[in-house]
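Engineer: Next input, structure requested:
(one chain, ligands or ions: 2)
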Amino acid sequence: MPGMTDGAVASPDEGFGTPDRPQIIAHRGASGHAPEHTLAAYDLAVAMGADFLEPDLQMTADGVLVALHDATLDRTARGPADRCTGPGRERTLAEIRSCEVGSWFNERYPDRADPDFVGLPVPTLDELFERYGATVRWYPETKNPDERLPGQPSMEETLLALLDAHDLRDAAVERGQVLIQSFSPGSLRRIRELDPELPLVQLLRTGAVTAESLDQVLDEVATYAVGVGPNRALVDAAFMEAARERGLLVHPWTVNDPDEMDRLLALGVHGIFSDFPDALRERIDAVAAAPMDREPGTR
Ligand code: G3P
Ligand code: CA
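Structural biologist: Residues are numbered from 1 along each chain as shown. Ligands and ions are numbered 1, 2, ... in the order given. Prediction:
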């Protein structure tokens, strides 16, 4: 497989990360180097030794899960306007596959542009699972899961069916091969009803938690999830302590600045979402070589 490395296979005992072995979560693939949610970005993430690949999931009008961040196609898709603009959920898979999602990256980041990015399609989740399978770990996010159109299947049921089709469900439960995330507590609760053992992570935007509500929010999250994925600005010593008291993992997003990586690693986070898995690897290795002072009890 292009870009694959022997070192990409995750060890079952790695779990979801520890402060001494924080997980590298390739945010939309290695999306700082290649157009987000393209095979180029995912291949690169794997080659860089990322622990997890992060597909944001949107559902097409005909019920197919695709790796796409935005609810609309406008920012990243190029092609005929009647197919490649507007809400993705109103386009069929065939329509979305007729668009390409590489040119925008070359236009926006000319210093990182590559002619090979032009023409890259939106991958389906099935295609991603087929390509990498259990050689990597997965961190899918249900996007807009509460905005289902009439006739569309449930995003959660469709995701679990794909895990089954690719023999990933047992691996998710037994060795953390898959960690499912969402901003929607409803989506995570629906998954929990379908399979109480699948590990879940509740995403938190900055406005979702205040110093006053932190304990209450994390108490609630701990009833159905193994961890939280907070905006990095939420994470400080008090946040880490509150999460630790409840046994919750902390995987902040999206961290591309090396100083911010160092700050979060020093706080003892269990993993970090980054567009630059290679830069994060460098910081993690630097910390391992010269351990930083950590708050007492963060190991
Ligand atoms: O899923 C973690 C992080 O990616 C959440 O933000 O908007 O990039 O999906 P977003
Ligand atoms: Ca995401």
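
Engineer: quick check: mean pLDDT across stretch 240-259?
Structural biologist: Averaged over stretch 240-259, pLDDT sits at 98.

Engineer: Kindly report the same for stretch 22-39.
Structural biologist: 98.

Engineer: now the residue lying closest to residue 222 once chain neighbours are set aside: how far from residue 23?
Structural biologist: Distance criterion C-beta to C-beta, 6 or more residues apart in numbering; nearest residue to residue 222, sequence neighbours excluded, is residue 246 at 4.2 Å. In short, each C-beta sits where N, CA and C put it, glycine included. The gap separating residue 246 from residue 23 is 19 Å, by C-beta to C-beta, to the nearest Å.

Engineer: Same check on residue 245?
Structural biologist: 21 Å.

Engineer: Likewise for residue 51?
Structural biologist: 4 Å.

Engineer: and if you look at residue 279?
Structural biologist: 15 Å.

Engineer: Between those two, point out the one with more neighbours.
Structural biologist: Taking neighbours as other C-beta atoms under 10 Å, residue 279 and residue 23 compare with residue 23 leading, 26 against 20.

Engineer: quick one: contacts for the residue lying closest to that one once chain neighbours are set aside?
Structural biologist: In this structure, residue 23 finds its nearest non-sequential neighbour in residue 271, 3.2 Å apart by C-beta to C-beta, 6+ apart. The contact partners of residue 271, by C-beta atoms under 8 Å, 6 or more residues apart in numbering, come to 16-17, 22-25, 51-52, 249, 251.

Engineer: give the contact list for whatever residue of the stretch 101-250 of the chain ends up closest to ligand 2.
Structural biologist: Distance from ligand 2 to each residue of the stretch 101-250 of the chain (C-beta to the ion) is smallest for residue 141, at 4.2 Å. Residue 141 makes contacts with 54-57, 180-182, 203, as judged by C-beta under 8 Å, 6+ apart.

Engineer: Residue 132 reaches residue 45, doesn't it?
Structural biologist: No. Using C-beta atoms under 8 Å, residue 132 is not in contact with residue 45, being 9.6 Å away.

Engineer: which residues are in contact with both of those two?
Structural biologist: residue 53.

Engineer: quick revisit: what residues are up against the residue nearest to residue 222?
Structural biologist: 218-219, 221-222.

Engineer: make it 7 Å
Structural biologist: By C-beta atoms under 7 Å, 6 or more residues apart in numbering, the contact list for residue 246 reads 218-219, 222.

Engineer: could I get these as JSON lines with distance to ligand 2?
Structural biologist: Shown next, in JSON lines, are the contacts of residue 246 (distance: C-beta to the ion, whole Å):
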{"residue": "218", "distance to ligand 2": "20"}
{"residue": "219", "distance to ligand 2": "24"}
{"residue": "222", "distance to ligand 2": "21"}
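
Engineer: Pull out the buried residues from the residues you listed.
Structural biologist: By neighbour count, with 16 or more other C-beta atoms under 10 Å, the contacts of residue 246 hold 218, 222 as buried.

Engineer: Which single one of the contacts of residue 246 is nearest to residue 194?
Structural biologist: Comparing the contacts of residue 246 against residue 194 with C-beta to C-beta places residue 222 closest, at 19.9 Å.

Engineer: Was I right to think that closest one contacts residue 248?
Structural biologist: Yes. At 5.8 Å, residue 222 counts as touching residue 248 under the criterion of C-beta atoms under 7 Å.

Engineer: Ignoring the adjacent residues along the chain, who's closest to the residue in the chain that ligand 1 sits nearest to?
Structural biologist: Nearest to ligand 1 in the chain, going by C-beta to the nearest ligand atom, is residue 253, at a distance of 3.8 Å. Of all residues not flanking residue 253 in the chain, residue 273 sits nearest, at 3.7 Å (C-beta to C-beta, 6+ apart).
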